[in-house]
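Novice: For reference, the sequence and a predicted model appear below.
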Amino acid sequence: MLDLSGFEVYLRSQERSKNTIACYIRDSKAFIGWYKNRTDCGVDRLIELDAIEYKKHLLNINESVVTANRKIASINAFCKWLYESGTILTEVNIKAVKNRDTRQYKGLEEKELRRLRAEIHRNRNKMHICIIEILLGTGLRVSELCNIRLRDIEISERKGLLKVIGKGNVNRSIPLNKDVRKAIKDYLAVRSVDESDFLLIGQRGALKRNAINLILEKYGKRVDVEVTPHRLRHTLGYKLVKEGTAITTIQQILGHDNIMTTNLYTVTTEQDKVEALDALEW
């Protein structure tokens, strides 16, 4: 198996997140395994046709468009490293799969959100309330939530601000609404004493992404709602779009490099259609 330590160093130099690096390494290993099973050539003989065939392979095994495109992004990064390191003579880059299906809403329905939020508040765990309110009020990625430090938070009686280090170490500031400010204040009043400066502290120290996912999953099961931090992020993005917030403002809140990513939230739900037609008067 090709030593991918150099590829890992390359990804770190591009300031990729730990999660992205892990995904790219895993996807590249799978690609190499597939490549070696179909040819006697070494990776140094890799050509664009091989990558195109792998793209077809991903679709033949019924990978979703999202998963296939993530793996294609991984392979493109891997091939770029091979080219820049002199392992292959021609750069290989393949296009993402076009999704011709209508984009689907990935957030929570209003009824689902009300049930979930009420269940968390009803449980009276200040840290869990803090988690749901921050995710709903800021749209943070789970990695960004885990990395919040006390020094990143500024709260006064009437306003608040959260400084976030997002993808690619890009900084942004997000205003905190009254619900988020109250949730943070209430949690800080009972927060466990810990040497670290991280906001969210559990029994074993600063919470990791898996712990956040498990907390949300626990409450979701109680009220029969499938919930993840990413679904809450989509919920906020869609709500901001529906309320007429400028797309550039939403882009800055969510920390998107490309405004086309923000456009993913401009979906139309079945309920939107119902409301639009119900409101008609002739």
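Specialist: Ah, there it is.

Novice: what about stretch 164-182, how long is it end to end?
Specialist: Across stretch 164-182, the terminal residues are separated by 19 Å (CA to CA, to the nearest Å).

Novice: Ok, stretch 189-204 next?
Specialist: With CA to CA as the measure, stretch 189-204 spans 19 Å from end to end.

Novice: Could I get the buried residue list for it?
Specialist: Going by neighbour count (16 or more other CB atoms under 10 Å), the buried part of stretch 189-204 is 191, 198-201. For glycine as for every other residue, the C-beta is placed from the backbone atoms N, C-alpha and C.

Novice: likewise stretch 166-177?
Specialist: Buried, per 16+ other CB under 10 Å, within stretch 166-177: 166, 174, 176.

Novice: need the helices for this structure, in chain order.
Specialist: 5-13, 18-38, 48-60, 65-84, 110-123, 126-138, 142-146, 178-188, 209-222, 229-242, 247-254, 259-262, 270-278 (DSSP state H).

Novice: Please convert the ones you listed to JSON lines, extending it with mean neighbour count, mean pLDDT and distance to S156.
Specialist: Below are the helices of the chain laid out as JSON lines (neighbours: other CB atoms under 10 Å; pLDDT from 0 to 100; distance: least, CB to CB, whole Å):
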{"stretch": "helix 5-13", "mean neighbour count": "15", "mean pLDDT": "92", "distance to S156": "38"}
{"stretch": "helix 18-38", "mean neighbour count": "16", "mean pLDDT": "92", "distance to S156": "34"}
{"stretch": "helix 48-60", "mean neighbour count": "15", "mean pLDDT": "91", "distance to S156": "51"}
{"stretch": "helix 65-84", "mean neighbour count": "19", "mean pLDDT": "91", "distance to S156": "41"}
{"stretch": "helix 110-123", "mean neighbour count": "16", "mean pLDDT": "96", "distance to S156": "24"}
{"stretch": "helix 126-138", "mean neighbour count": "23", "mean pLDDT": "97", "distance to S156": "16"}
{"stretch": "helix 142-146", "mean neighbour count": "21", "mean pLDDT": "95", "distance to S156": "22"}
{"stretch": "helix 178-188", "mean neighbour count": "18", "mean pLDDT": "96", "distance to S156": "9"}
{"stretch": "helix 209-222", "mean neighbour count": "16", "mean pLDDT": "96", "distance to S156": "27"}
{"stretch": "helix 229-242", "mean neighbour count": "20", "mean pLDDT": "94", "distance to S156": "23"}
{"stretch": "helix 247-254", "mean neighbour count": "16", "mean pLDDT": "93", "distance to S156": "20"}
{"stretch": "helix 259-262", "mean neighbour count": "14", "mean pLDDT": "83", "distance to S156": "29"}
{"stretch": "helix 270-278", "mean neighbour count": "10", "mean pLDDT": "78", "distance to S156": "37"}
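
Novice: Would you mind saying which of the ones you listed lies nearest R158?
Specialist: Between R158 and the helices of the chain, the shortest gap by CB to CB is with helix 178-188, which sits at 8.6 Å.

Novice: Show me what the closest one is packed against.
Specialist: helix 126-138, strand 153-155, strand 160-165 (3 or more CB pairs under 8 Å, 6 or more residues apart in numbering; DSSP states H and E).

Novice: Next, format the ones you listed as JSON lines and append distance to Y83.
Specialist: Shown next, in JSON lines, are the helices and strands packed on helix 178-188 (distance: least, CB to CB, whole Å):
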{"stretch": "helix 126-138", "distance to Y83": "39"}
{"stretch": "strand 153-155", "distance to Y83": "44"}
{"stretch": "strand 160-165", "distance to Y83": "30"}
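
Novice: quick one: which of those is nearest S28?
Specialist: strand 160-165 (26.4 Å).

Novice: Quick check: buried residues in that closest one?
Specialist: Of all the residues in strand 160-165, those buried under the rule 16+ other CB under 10 Å are 160, 162, 164-165.

Novice: if we can go back for a sec, could I get the helices of the chain as a markdown table with distance to D152?
Specialist: Listed next are those as a markdown table, based on distance: least, CB to CB, whole Å:
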| stretch | distance to D152 |
| --- | --- |
| helix 5-13 | 23 |
| helix 18-38 | 19 |
| helix 48-60 | 39 |
| helix 65-84 | 29 |
| helix 110-123 | 23 |
| helix 126-138 | 11 |
| helix 142-146 | 10 |
| helix 178-188 | 11 |
| helix 209-222 | 17 |
| helix 229-242 | 18 |
| helix 247-254 | 16 |
| helix 259-262 | 23 |
| helix 270-278 | 35 |
